[in-house]
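> A predicted structure for the sequence below; I have some questions about it.
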Amino acid sequence: MIKRGLLFFILFSLFLPQITKGINNSGVIINEIAWMGTTNSANDEWIELYNNTDESVSLDGWSFKTADEKLIINLKNNIPARGFYLLERTDDTTVPDVAADLIYKGALNNNGEYLGLYNVLNNLVDEIDCSSGWFTGDNTTKQTMEKTPIGWQMSENPGGTPRAKNGTGADIETKPIITAETPQNPPEPIKMLEEMPAENSSPQTYPGGIVFNEILPSPDGPDETEEWIEIYNQNNFEVDFAGWRVKDSEGNINIYVFPTATTIKSNGYLVLTRPLTKIILNNTGDRLILLKPDGKTSDIVSYTKSPTGQSYNKRDNEWHWSNVLTPGLTNIIKNETIEKTQNNKKETKENILNDKQIAAVLNQNTKQLKPFLSVLLTALLAAVISTTVFLFLKKRLKNK
């Protein structure tokens, strides 16, 4: 009995792929690596994580490290439940049309790397040992290295699947981390413990009508504590905001991911302070982007130099600066601000009307002058003829 148990244990150990080495309590795994870059540039490397759990996980204090620690990436913000976290090298243009969760500096060795994912306690959460060469991926076609339930595969298409479920793979053999000779009497298949992104025949959709409503880039007090961003739900229903993101695109770029259980009520507001989001609103101008969990843009707002003590407010689909701050409330814009705009439009309209009126008067006067001009011309013509006849007759009489 003991011998049979020992034999089973040996067989179990022999066929258990190394992927189980990455099983961890956090449920966050390394899911896809574009170590070769993209068709645009070999420098456009990216790494994707996946959260296997039903809870959002904070990555604050987590890190990625190579074996020689020449590359250390410090992570931050959250990874949503059953969601992805995308790290892009150098800037957010590495993967076009897909927003990054983190921008990092440094490069992966095309000959292979060991990568370790560590949590806030510096405990190893997941790892891949490709120090002797990447398991798969193509440096020529730029097909990425994707995780599967039994190992790693080459992506079906160049560029892979950033922030999306991994594909079926290219028409090549999936490369597990460990291979072994198949015995004549193989044991029953071992059910893998790690769950991969599930098939999703009907992808989740997210509502529109979630917009930026008011921002305060340059408060009277310290920017570090008193800047804020307000978001408004235009819908008549509550919206689950978990996994939505806000990011700026100028200067020191930061991204805030809304944690699990965050909601915004129907026709309600969410006010985000700088200490919460770590997003710095530049006083000289900035651009904010609101992203849905699937990476699609919900709203964008840009502003130029901001007046001190005034917030940038949206009203009737137009933006105005106002010194009446209304976080969490209906925007109030002083009448003179709107009246000035309206008066400018009214003045322009009146000027156009005045020009038309002048033209009409001139036209009317011309019509009235026509009969008088006809009489005048007739009289002048008669006078000329009379003078000519008189001079002719006078000359003849003188000759006689």
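Nice, I can see it. Numbering: from 1, shown residues only.

> three-state assignment of L276?
At L276 the chain is in helix, as set by DSSP: H, G, I helix; E, B strand; the rest coil.

> now do the contacts for it.
Under the criterion of Cβ atoms under 8 Å, 6 or more residues apart in numbering, the contact list for L276 reads Y256. In this view, the C-beta of every residue, glycine as well, is placed from N, C-alpha and C.

> what pLDDT does it get?
Turning to L276, the model gives it a pLDDT of 90.

> what of T262?
On the pLDDT scale, T262 is placed at 89.

> same check, this time on the one 4 residues further on
What the model reports as pLDDT for S266 is 94.

> and it, how many neighbours?
The criterion is other Cβ atoms under 10 Å. On that basis, S266 has 11 neighbouring residues.

> got it, and T140?
7.

> element containing it?
T140 belongs to no helix or strand when assigned by DSSP states H and E.

> any idea how far V28 is from G137?
From G137 over to V28 the distance is 21 Å, taken as Cβ to Cβ, to the nearest Å.

> look up how far I103 lies from Y303.
For Y303, the distance to I103 (Cβ to Cβ) stands at 23 Å.

> please apply the same query to N111.
Counting by Cβ to Cβ - N111 and I103 are separated by 24 Å.

> can you verify my assumption that G328 contacts K265?
No: using Cβ atoms under 8 Å, G328 is not in contact with K265; the gap is 11.2 Å.

> which stretches in the stretch 101-250 of the chain count as helices?
Listed in chain order, the helices of the stretch 101-250 of the chain (DSSP state H, counting those that start in this stretch) span residues 223-226.

> any weak-confidence spans in it?
Under the criterion pLDDT under 70, the flagged ranges of the stretch 101-250 of the chain are 169-203.

> for the closest residue in space to N235 that isn't next to it in sequence, the count of nearby residues, please.
Nearest residue to N235, sequence neighbours excluded (Cβ to Cβ, 6 or more residues apart in numbering): G209, at 4.7 Å. Residues within reach of G209, counting by other Cβ under 10 Å, total 14.

> domain map for this structure?
Annotated domains of the chain cover 18-136, 210-333, 340-376 [automatic domain parsing].

> which stretches of the stretch 51-200 of the chain form strands?
For the stretch 51-200 of the chain, the strands defined by DSSP state E, counting those that start in this stretch occupy 57-58, 63-66, 72-74, 78-79, 84-89, 102-104, 114-118, 124-129, 143-148, 151-158.

> now do the third one: everything it contacts.
Among residues not part of strand 72-74, those counted as contacts by Cβ under 8 Å, 6+ apart are G61, W62, S63, F64, K65, T66, L87, L102, Y104, G106.

> quick one: the residue found closest to T273 once you drop the neighbours it is linked to in the chain and G251, what's the gap?
The shortest distance from T273 to any non-neighbouring residue, by Cβ to Cβ, 6+ apart, is to W228 (4.9 Å). Per Cβ to Cβ, W228 is found 18 Å from G251.
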